[in-house]
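Engineer: Build me a model:
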Amino acid sequence: MTPAREGARFPLVAVYADESCLGNGRDSDNPGGAGVLVEWLHGKSGTLRRYDAWLSEPATTNNRMALSSVIAAFTELSRKGKTLSVVFTSDSTYLITGMKEWVHGWAARGWTRRTGAIENLELWQQAVMVARPHEVDWRWVRGHHGHPQNEYANHLATRAARELTMSNKLVESGFDSWCETQRGKATLRCEVDPFPERQQFRAARTLPELSVLRS
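Structural biologist: You can find the predicted model right below:
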């Protein structure tokens, strides 16, 4: 395995993503949502800027929405055509382990697995396709444990699932006002995670070549 590269080489962006599925596993159509909080420092002023994105589906699963959060985030980040160093944080072990490990083995075997069909294959391939141009530090965080940015992404996801809404683009974030309303709750840490340090960035393996993506 190629060792992780230390230090961000490109403009640094932090993404916090979460997913929700109302009634996940219930034998019926279960609405779901994905929420994304994007943070970056403005180059000249050094001001931290935050943006939100969210999406929903009327009948889905948690795993599908976790993958959709990657697709939505990197689609928006790629619009200006720049290569970025992205710290992508999620509480989905399915997503983080899959993007760091599983996709490499699947791609090497022609997008097959030894034990049967790959669940959500099309979404895995889309996630790889949109994330591959960037270097990514995939990080897991414990969900529902008071982490402010993760809790906010969950807020966006559950609201999208409940209301079946889509942002369709990055919009100015409501994180600061939301956070102020949450500070009195014992379940939320008051300390917002600081913007990542460039020297602490650890890029994961480059994602598989697009030429091997096939259904």
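
Engineer: drop to CA atoms for contacts and neighbour counts, all remaining ones
Structural biologist: Fine.

Engineer: Now do the helices in this protein.
Structural biologist: 62-77, 93-97, 103-108, 121-131, 148-163, 175-182 (DSSP state H).

Engineer: I'd like to know which of those helices is closest to residue 22.
Structural biologist: helix 148-163 (7.0 Å; CA to CA).

Engineer: about what we covered before: so which of the helices of the chain gets nearest residue 36?
Structural biologist: Of all the helices of the chain, helix 148-163 sits nearest to residue 36, with 5.5 Å by CA to CA.

Engineer: packing partners for the closest one?
Structural biologist: Secondary-structure packing of helix 148-163 (3 or more CA pairs under 8 Å, 6 or more residues apart in numbering; DSSP states H and E): strand 12-21, strand 32-41, strand 48-57, helix 175-182.

Engineer: ok so, going back, any chance of TSV for the helices of the chain, columns mean neighbour count, distance to residue 8 and mean pLDDT?
Structural biologist: Shown next, in TSV, are the helices of the chain (neighbours: other CA atoms under 10 Å; distance: least, CA to CA, whole Å; pLDDT from 0 to 100):
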stretch	mean neighbour count	distance to residue 8	mean pLDDT
helix 62-77	23	16	97
helix 93-97	17	19	98
helix 103-108	17	22	94
helix 121-131	20	16	97
helix 148-163	24	21	96
helix 175-182	13	25	89
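
Engineer: which parts of stretch 195-213 are buried?
Structural biologist: For stretch 195-213, the buried set under the neighbour-count rule, 16 or more other CA atoms under 10 Å, comprises 196, 198, 201-208, 213.

Engineer: Give me the contacts around it.
Structural biologist: 2-8, 12, 14, 39-40, 85, 87, 99-100, 103-104, 107, 110-111, 125, 128-129, 131-132, 135-138 (CA atoms under 8 Å, 6 or more residues apart in numbering).
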